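*Asks:* here is my input, please return the structure:
(chains A, B, C and D)
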Protein chains: 2
Amino acid sequence: MFIYQNIAKQLKMNIDENLYKNGFLPSETDLANHFKINRNTLRKALNELVKAGLIEKKQGKATLIIDKNNTYLLSGCSHYTKNFKKSGIYPRTKVLFCKKISPSLNVSSYFEQNYKYLIHIKTLRIIHNEPRSLIDHYLPFTDRYEEIKHFKTGSLHYFLQNHLGIKLTRKKTTISALMPSAIDKQHLNLKSNIPVTLVKTENKINNEEGFLGEISFSRTRSDLVQITVEH
Amino acid sequence: MFIYQNIAKQLKMNIDENLYKNGFLPSETDLANHFKINRNTLRKALNELVKAGLIEKKQGKATLIIDKNNTYLLSGCSHYTKNFKKSGIYPRTKVLFCKKISPSLNVSSYFEQNYKYLIHIKTLRIIHNEPRSLIDHYLPFTDRYEEIKHFKTGSLHYFLQNHLGIKLTRKKTTISALMPSAIDKQHLNLKSNIPVTLVKTENKINNEEGFLGEISFSRTRSDLVQITVEH
DNA sequence: GAGTGGTCTAGACCACCAT
DNA sequence: TGGTGGTCTAGACCACTCC
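*Replies:* Numbering: from 1, shown residues only, chains lettered A, B, ... in the order given. Sure, this is the predicted structure:
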């Protein structure tokens, strides 16, 4: 057992015991002095916790303790936003763009009809001023584009239900993982080689039998957000 | 641009140009001298290449250059799970070990009781002679260790039900992603920087209300297997 | 035992963030 | 401007692998 592993373990225990009340660790110099080890060794211990997703470093500021309540519940009728609200965390949704597109083969193959155009909305989910997920939504309601265009924040499903009277429910969810693309990295503010969890959802329109109303592809920082399935 | 980034770039170019013919890098000391930098800085540069999956370090031996023939293709295999279920092909399970252990803090925290010992079973799921998932199971039934020890293949849940009369049902599943550890890489036959999908399941004993009978952590090759949730 | 990568220290300077 | 994390150096010792 090396010193840095030992220190990492102790720090983890301290974090679990909620010893650092303000949500930040003491400075590296202070921690190194406290444990009577060199700052380089302490930094190595901290990097272990960064890898484990327990803390995040903010250059020039401090080391942030990650709130582990950030789990994403996946059950039949749950919405992302709702789940976070339960745990008292409010995500912000930023619409990066909303436009009509000719769907790629990959996207159009999910829809049974052969749509010439789809609406493509790209959103970013942000918690505590930090981007968590990057989501591509594809919708077939091109005739209502002018209305959908006004979606700016909050839950897309909620907006569709309240402003367009379209109720979507989850049909299938497929989960995988991959390394983020350069664009993903940029938007998600990822620097090192952290993989993203890829969640693909197919949503059907409630009234119409099996009629696909939306598909979405989300890339989520796997170090900050967990996905939970309740059985 | 920091020194270590610069050096990493140069090393990457050297590797791409096939400068190191024998498949190994020169020693860290030699490289540091060559670039006229400190060995610690050189090590930081090398670690960047390790993260990028270009090299692999072998303690006591040398630094190995990874053969890049294994490229990461997600789309090509995207229907794998569905296909093998449809075609009735079932995975083979290999038990790597089964032993009594003192649980780590991380594992024991899931159980409500404070078990001094747990049974730890490590299995590998193999399809078509290719390892797909590496799974760690933790069970509290230490008093029946002698029986459980005889689990050699097939489904653990099936074995527990038929030989011990213990029926487990899924309580919660948590999905995330991470980079595989060296041991994961070895067992899953992973060479380059492909992430693994991490699935944590909590299983309760059917008859006893909320009594946790097993937790398992599986790491699955995200390039070969997708997880599908039907709603 | 020689050579390799892994850890650790002590100390310096720089880049970033807040005030 | 002071404090934080990020980089870098020089040098030491340890753990592992192979001959």
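*Asks:* hang on, residue A:169 is in a strand, isn't it?
*Replies:* Yes - counting by DSSP: H, G, I helix; E, B strand; the rest coil, residue A:169 falls inside a strand.
*Asks:* could you report the pLDDT at it?
*Replies:* Per-residue pLDDT puts residue A:169 at 83.
*Asks:* look up how far residue A:157 lies from it.
*Replies:* Per Cβ to Cβ, to the nearest Å, residue A:169 is found 9 Å from residue A:157. Where C-beta positions appear, they are placed from N, C-alpha and C, glycine not excepted.
*Asks:* show me which of those two is the more surrounded one.
*Replies:* residue A:157 (22 against 13; other Cβ atoms under 10 Å in any protein chain shown).
*Asks:* isn't the more buried one right up against residue A:168?
*Replies:* Yes - contact status for residue A:157 versus residue A:168: in contact at 5.3 Å, counting by Cβ atoms under 8 Å.
*Asks:* about what we covered before: what residues are shared contacts of residue A:169 and residue A:157?
*Replies:* Here residue A:169 and residue A:157 share the contacting residues residue A:203, scored by Cβ atoms under 8 Å, 6 or more residues apart in numbering or on different chains.
*Asks:* picking up where we left off before, mutual contacts of residue A:157 and residue A:168, please.
*Replies:* Residues within reach of residue A:157 and of residue A:168 at once, by Cβ under 8 Å, 6+ apart, are residue A:203.
*Asks:* kindly report the domain assignment for chain A.
*Replies:* Here the domain parsing of chain A from automatic domain parsing is A:3-65, A:71-229.
*Asks:* how far away is the spatially most distant residue from the centre of chain A from residue A:11?
*Replies:* Centroid-distance maximum for chain A: residue A:36 at 37.7 Å, with Cα atoms, centre = their mean. According to Cβ to Cβ, residue A:36 and residue A:11 sit 14 Å apart.
*Asks:* cool, residue A:31 as well?
*Replies:* Residue A:31 is 8 Å from residue A:11, by Cβ to Cβ.
*Asks:* the two: which has the busier surroundings?
*Replies:* A direct count of neighbours by other Cβ under 10 Å for residue A:31 and residue A:11 places residue A:11 higher, at 24 against 20.
*Asks:* ok so that one is a helix residue?
*Replies:* Yes - remark: residue A:11 belongs to a helix, assigned using three-state DSSP.
*Asks:* low-confidence regions, chain A specifically.
*Replies:* Scanning chain A for pLDDT under 70 picks out the ranges A:53, A:67-91, A:128-129, A:191-193, A:207-210, A:224-231.
*Asks:* picking that back up, which residues touch the residue farthest from the centre of chain A?
*Replies:* Residues counted as contacts of residue A:36 (Cβ under 8 Å, 6+ apart): none.
*Asks:* which parts of chain A are helices?
*Replies:* Per DSSP state H, chain A carries helices over the ranges A:3-16, A:28-35, A:39-51, A:80-86, A:105-108, A:145-148, A:156-159, A:182-188.
*Asks:* tell me the most buried of these?
*Replies:* Most buried of the helices of chain A by mean neighbour count (mean count of other Cβ atoms under 10 Å in any protein chain shown) is helix A:156-159; its value is a mean of 19.
*Asks:* so is that helix next to chain B?
*Replies:* No - against chain B, helix A:156-159 shows no contacts by Cβ under 8 Å from any Cβ of the partner chain, the least distance being 13.8 Å.
*Asks:* outside of that helix itself, list whatever touches it.
*Replies:* With contact meaning Cβ under 8 Å, 6+ apart, helix A:156-159 is reached by A:79, A:81, A:93, A:121, A:123, A:137, A:151, A:168, A:203, A:214.
*Asks:* list only buried entries from those.
*Replies:* Neighbour counting by 16 or more other Cβ atoms under 10 Å in any protein chain shown classes A:81, A:93, A:121, A:123, A:137, A:151, A:168, A:203, A:214 among the contacts of helix A:156-159 as buried.
*Asks:* pretty sure the third one contacts residue A:100?
*Replies:* No - at 10.7 Å, residue A:121 and residue A:100 do not qualify as touching, with contact defined as Cβ under 8 Å.
*Asks:* just put the helices of chain A in TSV and tack on distance to DNA strand D.
*Replies:* Output for the helices of chain A, formatted as TSV (distance: least, Cβ to the nearest atom of the strand, whole Å):
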stretch	distance to DNA strand D
helix A:3-16	11
helix A:28-35	4
helix A:39-51	5
helix A:80-86	27
helix A:105-108	37
helix A:145-148	41
helix A:156-159	35
helix A:182-188	16
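*Asks:* now the ones you listed in TSV, with distance to residue B:130?
*Replies:* Output for those, formatted as TSV (distance: least, Cβ to Cβ, whole Å):
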stretch	distance to residue B:130
helix A:3-16	33
helix A:28-35	44
helix A:39-51	27
helix A:80-86	34
helix A:105-108	26
helix A:145-148	44
helix A:156-159	39
helix A:182-188	28
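*Asks:* among the ones you listed, which is nearest residue B:110?
*Replies:* Residue B:110 lies closest to helix A:3-16 among the helices of chain A, at 13.4 Å (Cβ to Cβ).
*Asks:* the closest one and DNA strand C, any residue contact?
*Replies:* Yes - contact between helix A:3-16 and DNA strand C, assessed by Cβ under 7 Å from any atom of the strand, occurs at A:3, A:4.
*Asks:* just checking, what packs against that helix?
*Replies:* Here helix A:3-16 touches helix A:28-35, helix A:39-51, going by 3 or more Cβ pairs under 8 Å, 6 or more residues apart in numbering or on different chains; DSSP states H and E.
*Asks:* and that helix, how far out from the chain middle?
*Replies:* 27 Å (Cα atoms, centre = their mean, to the nearest Å).
*Asks:* same question, stretch A:127-136
*Replies:* 5 Å.
*Asks:* tell me which residues in that stretch are buried?
*Replies:* For stretch A:127-136, by 16+ other Cβ under 10 Å, it's A:127, A:131, A:132, A:133, A:134, A:135, A:136.
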